[in-house]
Each structure stands twice: as structure tokens, then as C-alpha cells.
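In: Requesting a structural model of the entry that follows:
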Amino acid sequence: MIICKVVGSIVSTTKAEKLRGKKLLIVQPLDMESLEEYGNSFVAVDTVGSGVGEVVLLVSGSSARQTDITNGIPVDAAIVGIVDQIEIQGTLTFTKGGN
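Out: Numbering: from 1, shown residues only. Presented below is the predicted three-dimensional model:
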């Protein structure tokens, strides 16, 4: 799993039948300690009702097709959790809604 921030959304009216009704979001990977962005943003299917600005847990590859919503769907990235807080070696590095 990786930590990402939801930075946007995708609207696609023409797509594979199995993707109809699926919420597509743009995510940006974050460094777990500093929460700084790294790498390129990419598209993921939302399985938990997340939105722009939220920090999320993301799975990729075959793991992305293991949720009830993505089983048998042609996806390679899925948002599977919304992060409430991150604690590393006893230090709280992120709190949802906090500074």
C-alpha cells in the first residue's frame, strides 16, 4: 500500500462497460514521513467514498482488483482507505483535519 493525496477527478462518459458507475480520482503519491509529493500523479478507482484533498491508502496491481467494487474490473490502482492519522516511531506526522 502507498499513501496518496487525492488531487482531482476524472469524468469519462465513454469507457469500458465494467468501469461504468465507478468514481475515478487523480492521486499524487506522498512521502509517508514528510507528506511531500513525489513522482507522477495517476488515476485510481475510489472504493471508499474519498474526495479531493484527502490523504488515502492505495493499492496497485492485482491487489487493486481484490475489493467488492473492483473484482473483475480492468483497474491497476484502487483507493481502499481514508487516512485518519499517521504515526511513525512514536511521532504523529499526520492527523486528518489537523495541521
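In: any idea how far Gln85 is from Gly98?
Out: Per Cβ to Cβ, to the nearest Å, Gly98 is found 8 Å from Gln85. All C-beta atoms are positioned from the backbone trio N, CA, C, and that covers glycine.
In: Compare the two (neighbour count), which wins?
Out: Legend: neighbour count by other Cβ atoms under 10 Å for Gly98 and Gln85, higher for Gln85 (12 against 8).
In: Please give me every residue in contact with the more buried one.
Out: When contacts are counted by Cβ atoms under 8 Å, 6 or more residues apart in numbering, Gln85 is found next to Leu92, Phe94, Thr95, Lys96.
In: Stretch 22-42: which residues count as buried?
Out: Residues of stretch 22-42 classed as buried by neighbour count (16 or more other Cβ atoms under 10 Å): Lys22, Lys23, Leu24, Leu25, Ile26, Val27, Pro29, Leu30.
In: check contacts around the closest residue to Ile10 other than its chain neighbours.
Out: Using Cβ to Cβ, 6 or more residues apart in numbering and skipping the chain neighbours, the partner closest in space to Ile10 is Leu24 (4.0 Å). Contact analysis of Leu24 by Cβ under 8 Å, 6+ apart lists Ser9, Ile10, Val11, Ser12, Val43, Ala44, Val45, Asp46.
In: Take those and keep only those in helices.
Out: Using DSSP state H, the subset of the contacts of Leu24 located in helices is empty.
In: Strand partners (parallel or antiparallel) of the worst-scoring helix or strand of the chain on mean pLDDT?
Out: Scoring the helices and strands of the chain by mean pLDDT, DSSP states H and E places strand 91-95 at the bottom, with a mean of 90. Strand 91-95 sits in its sheet next to strand 85-88 (antiparallel), going by DSSP bridges.
In: Any idea what Ser60 is bridged to?
Out: With DSSP bridges as the rule, Ser60 is bridged to Ala77.
In: how close does the residue sitting furthest away from the middle of the chain get to Glu33?
Out: In terms of distance from the mean C-alpha position of the chain, Gly90 ranks first, at 24.9 Å (Cα atoms, centre = their mean). Distance, Gly90 to Glu33, by Cβ to Cβ: 13 Å.
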